[in-house]
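Asker: any chance you can model this:
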Amino acid sequence: MGILQLLLIFFLFPITTPSFSCLNLQYSLNSLTLPHRNSSSKEHISGLANDPITVNWMKRIRREIHENPELAYEEFATSALIRRELEQLGIGYRWPIAGTGVVATIGSGSQPFVALRSDMDALPIQEMVEWEHKSKVDGKMHACGHDAHVAMLLGAAKILQEIRDELLGTVVLIFQPAEERGVGAKAMIQEGALENVEAIFGIHAVIEYPTGTVAARSGEFLAGCGGFRAKISGKGGHAAVPQHSIDPILAVSTSVVSLQNIVSRETDPLDHQVVSVAMIHGGTAFNVIPDAATLTGTFRAFSKKSFNALRDRIEEVIKAQAAVHRCSAEIDFSGMELPTIPPTINDGRIYEHARKVSSEMVGEENTKTSPVCMGSEDFAFYLDKVPGSFLFLGMRNEKAGSTYPPHSPYYVLDEEVLPIGAAIHAAFALSYLSDSNNNFHFHSS
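Answerer: Got it, this is the predicted structure:
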């Protein structure tokens with residue numbers, strides 16, 4: 001073999017160094033192909049979500065649920081509808097979970113596991129909106145968008161089932177009862193809804209932002225919520241001779257005033273807190289001092305420390321005011337009507353991931369940082385167990401009549417949010433699983 005031939009062989013077939021392991025090679029290939037794959041996946045998901053057949057399918061589901069609203073732990077027909085649609089999509093599920101809840105899975109069945117959550121209960125409100133799909137049940141209405149949340153998550157299920165071969169892990173779909181009573185998430189967790197789950201994501205439609213806008217924040221997002229009921233007991237008698245009675249009405253009245261001083265005079269003005277008395281009951285006649293009276297209210301804070309301190313101080317103030325007026329007080333912070341919900345605190349890493357995915361779907365100009373909100377959500381119970389993030393999806397649209405706040409009898413939901421929410425759900429799950437696998441390859445190399 002001549003020198004010229006040896007040189008040709010050397011340049012055409014260079015000697016490779018054995019410095020790359022299989023894991024290094026795998027990570028390098030993923031790094032090279034991931035941007036193209038993510039870009040095409042985003043466009044594919046958006047296309048599937050906005051397909052007219054899928055959009056109309058989600059609208060039909062949402063309207064069927066809206067016409068037949070069911071209160072907390074009564075979501076039997078809603079649960080049946082969800083299971084019907086999952087079966088038609090060929091998606092497996094577990095049921096019942098927490099009475100009426102459903103937990104479905106899509107993907108490989110192996111780790112990592114990421115969860116998407118929707119609530120599904122209605123409110124005891126008489127709908128005042130006249131439209132073709134008005135509630136058919138007197139005194140019950142979907143006035144907080146949970147019908148849309150179910151439709152969006154089913155939409156995401158449809159998308160994810162179509163691209164299931166791209167899922168590098170397992171997506172868990174949580175359809176949860178009883179959010180409005182603040183107890184559904186806790187019950188779902190107790191019955192294994194978060195088994196193997198390492199991250200969770202949820203969406204809530206809001207009117208604070210225009211349709212197509214998303215908003216959230218890292219860290220403290222929604223306030224923790226607690227309720228209290230105090231029974232103040234004295235001694236009844238004729239109102240014309242109050243000296244022979246021990247007046248619980250007076251003790252209740254001074255308790256209400258003193259409770260307001262906790263926030264205005266005892267807490268840091270930069271540490272947002274609320275104490276509100278919303279109900280007072282006492283007496284049956286205008287000229288009779290009753291034996292007892294009750295006051296009921298709510299308290300809210302953004303940190304667990306402030307939340308617990310507020311609860312302790314409420315008890316101290318009411319008991320002290322009762323004692324000043326020679327009464328006794330019994331205070332209840334528990335019970336189904338007085339749920340205690342922790343603050344909703346978004347994990348920084350998952351929040352950044354959700355923000356990136358959302359901005360890719362709706363545009364950076366439509367991705368906002370939300371201020372903290374005094375509303376509460378039992379999604380917080382999931383965040384107490386695993387890292388996750390909660391997102392507001394704007395739906396304000398004057399032309400569609402979507403301007404009234406949640407829990408209003410005039411509440412109208414702009415159905416244009418359905419494909420947006422479905423796409424964000426699906427894109428979050430797909431990209432989270434992809435990123436988790438890439439991180440695994442990277443750390444293993």
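
Asker: doesn't Met354 lie inside a helix?
Answerer: In this structure residue 354 is Ala, not Met. Yes - remark: Ala354 belongs to a helix, assigned using DSSP: H, G, I helix; E, B strand; the rest coil.

Asker: which of the helices or strands spans Glu64?
Answerer: Here Glu64 sits within helix 52-67, counting by DSSP states H and E.

Asker: now for the helix or strand that comes right after that helix, which elements pack on it?
Answerer: Next along the chain after helix 52-67, taking DSSP H and E as the criterion, comes helix 76-89. With contacts defined as 3 or more Cβ pairs under 8 Å, 6 or more residues apart in numbering; DSSP states H and E, helix 76-89 has these neighbours: helix 52-67, strand 92-97, strand 101-107, helix 146-162. Yep, even glycine has a C-beta here, placed from its N, CA and C like the rest.

Asker: now the stretch 301-445 of the chain, which segments are flagged as low pLDDT?
Answerer: 335-336, 439-445 (pLDDT under 70).

Asker: which stretches of it form strands?
Answerer: In the stretch 301-445 of the chain, the segments counted as strands under DSSP state E, counting those that start in this stretch are 328-332, 344-346, 367-369, 388-396.

Asker: buried ones in the last one?
Answerer: Neighbour counts over strand 388-396 (16 or more other Cβ atoms under 10 Å) mark Gly388, Ser389, Phe390, Leu391, Phe392, Leu393, Gly394, Met395, Arg396 as buried.

Asker: so what's Gln260 up against?
Answerer: Val275 (Cβ atoms under 8 Å, 6 or more residues apart in numbering).

Asker: the same query, at a cut-off of 10 Å, please.
Answerer: Shown in contact with Gln260 (Cβ atoms under 10 Å, 6 or more residues apart in numbering): Val275, Ser276, Val277, Val317.

Asker: which one among those gets closest to Glu208?
Answerer: Ser276 (20.8 Å; Cβ to Cβ).

Asker: beta partners for that closest one?
Answerer: Under DSSP bridges, the beta-bridge partners of Ser276 are Thr298.

Asker: just checking, it touches Ile314?
Answerer: No - Ser276 is beyond contact range of Ile314, at 11.0 Å (criterion: Cβ atoms under 10 Å).

Asker: the stretch 151-300 of the chain: helices as residue ranges?
Answerer: 184-190, 248-266 (DSSP state H, counting those that start in this stretch).

Asker: can you point out the buried residues in the last one?
Answerer: Going back to what we said before, that points to helix 248-266. Those would be Pro248, Ile249, Leu250, Ala251, Val252, Ser253, Thr254, Ser255, Val256, Leu259, Ile262, Val263, for helix 248-266 by 16+ other Cβ under 10 Å.

Asker: ok, these vs Asp119, which is closest?
Answerer: Val263 (29.5 Å).

Asker: gap between the closest one and Pro342?
Answerer: Going from Val263 to Pro342 by Cβ to Cβ, to the nearest Å gives 19 Å.

Asker: next: Pro371.
Answerer: For Pro371, the distance to Pro342 - Cβ to Cβ - is 19 Å.

Asker: quick one: which of those two has more around it?
Answerer: The neighbour comparison of Pro371 against Pro342 (other Cβ atoms under 10 Å) goes to Pro342, with 20 against 10.

Asker: give the contact list for the residue nearest the centre of the chain.
Answerer: Geometric centre of the chain, nearest residue: Phe379, 4.1 Å, by Cα atoms, centre = their mean. Taking Cβ under 10 Å, 6+ apart as the contact definition, Phe379 lies against 117, 119, 176, 179, 184-185, 200-204, 221-222, 341, 344, 388-390.

Asker: right, and the strands of the stretch 301-445 of the chain - which one's nearest Gly109?
Answerer: strand 388-396 (21.3 Å).

Asker: in its sheet, what does the closest one sit against?
Answerer: strand 197-210 (parallel), strand 214-216 (antiparallel).

Asker: the closest residue to Gly388 other than its chain neighbours and Ser135, how far apart?
Answerer: Excluding the flanking residues, the one nearest Gly388 by Cβ to Cβ, 6 or more residues apart in numbering is Ile200, at 3.7 Å. Using Cβ to Cβ, Ile200 is found at 30 Å from Ser135.
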